[in-house]
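# I would like to see how this sequence folds:
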Amino acid sequence: MLSNTERIRCLIVEDDPFKMDSIRSHLMDVFSGRIDTVECQALSTATSFLASSTFDLAIIDMSIHSHEPEAGAGSPFPLASGGLDVLFEIEHSGSNTACIILTQYPDIEIEGTPVPVELARREILEKFAIKVAGCVRYFENNNRWKAEVNSILEQL
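All right, here's what the predicted structure looks like:
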């Protein structure tokens with residue numbers, strides 16, 4: 001799917017600036033610059049982007065904020081399963097967006113229950129009938145996450 005796409009449109013939902021930079025840089029390397037990224041930190045912004053655009057790929061952190069931090073907008077609150085809401089939005093849109101979950105935590109909260117990252121893909125499919133291309137644990141000073149993301153991308 002992605003190897004045949006001339007320009008790839010990718011939504012990155014990530015609230016950690018360092019992790020966002022790492023993801024963007026890695027995707028630019030993998031796709032040799034033929035990727036356009038749209039980046040946001042919060043559920044509200046991701047929902048807006050998904051309502052107005054289509055994407056070939058989405059890289060989603062599962063623990064995100066309710067809205068972008070803005071002066072006078074009130075403090076954003078953390079949503080442990082906000083990434084699931086992004087998946088629901090993508091599924092509801094009917095688009096063919098390939099989704100990769102990338103989280104720094106060993107577990108993903110699904111309906112209040114922590115599910116190990118390596119089991120989350122199957123759990124999301126079984127509980128919500130949503131196909132996720134893969135779930136990867138992000139480690140800041142370890143390139144293992146990059147190899148795992150590359151393996152998933154090769155299958156798309």
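# use CA for all of it now, contacts and neighbours both
OK.
# for this structure, what are the low-confidence residue spans?
1, 3, 65-79 (pLDDT under 70).
# for the helix or strand that contains residue 127, C-alpha coordinates in PDB please.
According to DSSP states H and E, residue 127 maps onto helix 117-128. This file holds the C-alpha atoms of helix 117-128, laid out as PDB (Å, rounded to 0.1, in the frame of the first residue of the first chain):
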ATOM      1  CA  VAL A 117       1.600  -3.500  24.300                       C
ATOM      2  CA  GLU A 118       2.400  -6.800  22.500                       C
ATOM      3  CA  LEU A 119      -1.200  -8.000  23.100                       C
ATOM      4  CA  ALA A 120      -3.000  -4.700  22.400                       C
ATOM      5  CA  ARG A 121      -3.400  -5.100  18.600                       C
ATOM      6  CA  ARG A 122      -5.400  -8.300  19.000                       C
ATOM      7  CA  GLU A 123      -7.400  -6.900  22.000                       C
ATOM      8  CA  ILE A 124      -8.400  -3.800  19.900                       C
ATOM      9  CA  LEU A 125      -9.400  -6.000  17.000                       C
ATOM     10  CA  GLU A 126     -11.400  -8.400  19.300                       C
ATOM     11  CA  LYS A 127     -13.100  -5.700  21.400                       C
ATOM     12  CA  PHE A 128     -13.700  -3.000  18.800                       C
END
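# what packs against the helix or strand following it?
Following helix 117-128 in sequence order, the next helix or strand is strand 134-137 (DSSP H and E). Here strand 134-137 touches strand 98-103, helix 117-128, helix 144-154, going by 3 or more Cα pairs under 8 Å, 6 or more residues apart in numbering; DSSP states H and E.
# name the residue closest to the centre of this protein, please.
A centroid search over the chain (Cα atoms, centre = their mean) returns residue 60, at 1.2 Å, as the residue closest to the centre.
# list the residues that contact residue 59.
Listed by Cα atoms under 8 Å, 6 or more residues apart in numbering, the contact partners of residue 59 are 10-13, 99-102.
# partners of the one helix or strand residue 108 maps to, with directions?
For residue 108, the element it lies in under DSSP H and E is strand 107-110. Sheet pairing here is set by DSSP bridges, and for strand 107-110 it gives strand 113-116 (antiparallel).
# picking up where we left off before, tell me which of the helices and strands packed on strand 134-137 is the most buried.
strand 98-103 (a mean of 24; mean count of other Cα atoms under 10 Å).
# quick one: end-to-end distance for stretch 32-43.
Criterion Cα to Cα, to the nearest Å; first-to-last residue distance in stretch 32-43 is 29 Å.
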